[in-house]
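# Take a look and give me a structure for this.
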Amino acid sequence: MKASGRSVGLAALVFIIGSEAACSLIRRTSDLGPPGSVSPSPTSSGSGGGSSGECEGCTVIDEGINDPFVIATSGDFVFYSQSAVEGGSIFRRSKAGGNRTVFANTGALSTVAISPVGNSVAWLGEEGEVGLAARCSEGCQITDTNEGFGTNPPDALLEVDEIDLDSIAADATGTYWTARFEVGATNGTVRFCRATGCNGVATVLADAENKPRGIALDATHVYWVNEGDGRVRRVLRNDVRTPETVITLSLSAPHLIALFDESVYVSDGTSIVSFPKTLSPTSTTPVTLQTSIAAIAVDATGIYWTSFVSSGTIATCPLTGCDEPTVIARVTSPFALALDGDDLWFTTRGGPGIGKVFRVKKTARAP
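Residues are numbered from 1 along each chain as shown. Purely as a prediction, here's the structure:
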């Protein structure tokens, strides 16, 4: 269970596409800022927004959002969240332009992770000491974890429990997520529920994990990284078996994980390393050393990340690594990141009502 009143670490998101299944990862933060109400969506042109003077080469997609720390893309749409004590939302917007719509009303719950799959979104949320996992279609309402739901309940209620939910990955067959539990405790779990639901009781694929955080899928396995002991672990999908340890890293508190092709990428917020998926690889490859890495995303063209600082950057390195990264964009407090074809979608944070959503080309270069 979650320790009452404890502080949670810096938030971060990863969204991965390419040869692997898409997934989203988010870390919560105790410094979300005062919750606020939904601000009106700005007038948008059919081309999808206007150029931003604060981020050269970027397009502002949306603004006036309370703490948008989740973003993901699926098909023709981009999804992102708004945090609020009441009135929390998951927004959806066409990549081609137009105004945002409320895809799901999360009420008093703060969204901690999303993973869009087809016409639905797999979702993790928290309210106080309660964690909730669900799959929602458009119009879904989650109004109160204790008293039920609105007129359009989730398509599948995966679990409601006093658990510290962390990150999620979903596809057409089911949803996988990590539950971290208390800081420092070795009672974290990796859980699974089929896409049609599991009557509120998830299958535990792994238990006694030391603060499991980031999670990702490939065709055969579920991978995750334990922040508490540095182990990268995996288990066969849809199967309750003893997890395997791929490697134990010497990183300090690793929490982000991404898969691409036959490699695994892990970050502890100050560095990124890669290694093959094979068990007990003989070496790791340092990709880059940075500051305040909040999100990573990988495809065949390279690895991309956000640096969550006031003079933040969106940057990239080749998959083989680099001494000096290439800066794609400079912007204040970039946070969540989604990689989609030629585009990078990201959010900025900085307090209630001032969060923004941007798009920038992967080939853009900051001055």
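# Mind listing the strands the helix or strand hosting residue 335 pairs with, and their directions?
Secondary structure assignment for residue 335, by DSSP states H and E: strand 334-340. Sheet pairing here is set by DSSP bridges, and for strand 334-340 it gives strand 343-348 (antiparallel).
# Identify all contacting residues around the partner strand.
Contact with strand 343-348 is made by 61, 65, 68-71, 73, 78, 80, 95, 295, 297, 304, 306, 312, 314, 328, 331-339, 355-362, as judged by Cβ atoms under 8 Å, 6 or more residues apart in numbering. All C-beta spots, glycine's among them, are computed from the backbone N, C-alpha and C.
# Recalculate using a threshold of 6 Å.
Residues outside strand 343-348 that contact it (Cβ atoms under 6 Å, 6 or more residues apart in numbering): 68, 71, 78, 306, 333-338, 356-360, 362.
# Select only the buried ones of those residues in PyMOL?
Buried residues among these (16 or more other Cβ atoms under 10 Å), as a PyMOL selection:
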select buried, resi 68+71+78+306+333+334+335+336+337+338+356+357+358+359+360+362
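# just the contacts of strand 343-348: which has the poorest pLDDT?
Within these, residue 68 has the lowest pLDDT, namely 89.
# is it true that that one touches residue 80?
Yes. Look at residue 68 against residue 80 with Cβ atoms under 6 Å: they come within range, at 5.0 Å.
# Output the below-cut-off pLDDT ranges for the protein.
Applying pLDDT under 70 to the chain flags residues 1-53, 84-87, 129, 143-151, 162, 182-185, 238-239.
# Please state the offset of stretch 64-75 from the chain centre?
10 Å (Cα atoms, centre = their mean, to the nearest Å).
# my bad, should have said stretch 117-124
So, by Cα atoms, centre = their mean, the centroid of stretch 117-124 is 13 Å from its chain's centroid.
# which residue packs closest to residue 70, ignoring adjacent ones?
Nearest residue to residue 70, sequence neighbours excluded (Cβ to Cβ, 6 or more residues apart in numbering): residue 81, at 4.1 Å.
# Could you report the distance from residue 332 to residue 308?
10 Å (Cβ to Cβ, to the nearest Å).
# Settle it for me: which of the two has more neighbours?
Using other Cβ atoms under 10 Å as the criterion, residue 332 and residue 308 rank with residue 308 on top: 24 against 15.
# Report the contact partners of that one.
Applying Cβ under 6 Å, 6+ apart to residue 308 gives the contacts 292, 294, 335.
# pretty sure the last one contacts residue 305?
No. Between residue 335 and residue 305 there is no contact, the gap being 11.0 Å when judged by Cβ under 6 Å.
# Need the residues touching each of the two.
When Cβ under 6 Å, 6+ apart defines a contact, no residue borders residue 335 and residue 305 alike.
# my read: the residue nearest to residue 70 touches residue 111, true?
Yes. Contact criterion Cβ under 6 Å: residue 81 and residue 111 qualify, at 4.0 Å.
# quick one: which of those two has more around it?
Neighbours were counted for residue 81 and for residue 111 using other Cβ under 10 Å; residue 81 has more, 33 against 27.
# Now the terminal residues of stretch 258-277, how far apart.
11 Å (Cα to Cα, to the nearest Å).
# Do you have the strands of the stretch 1-150 of the chain handy? List them.
Ranges of strands in the stretch 1-150 of the chain, per DSSP state E, counting those that start in this stretch, are 13-16, 23-26, 50-51, 59-65, 71-74, 77-82, 88-94, 101-107, 110-117, 120-127, 130-137, 140-141.
# which one of these is the most hemmed in?
Of these, the one with the most neighbours on average (mean count of other Cβ atoms under 10 Å) is strand 23-26, at a mean of 31.
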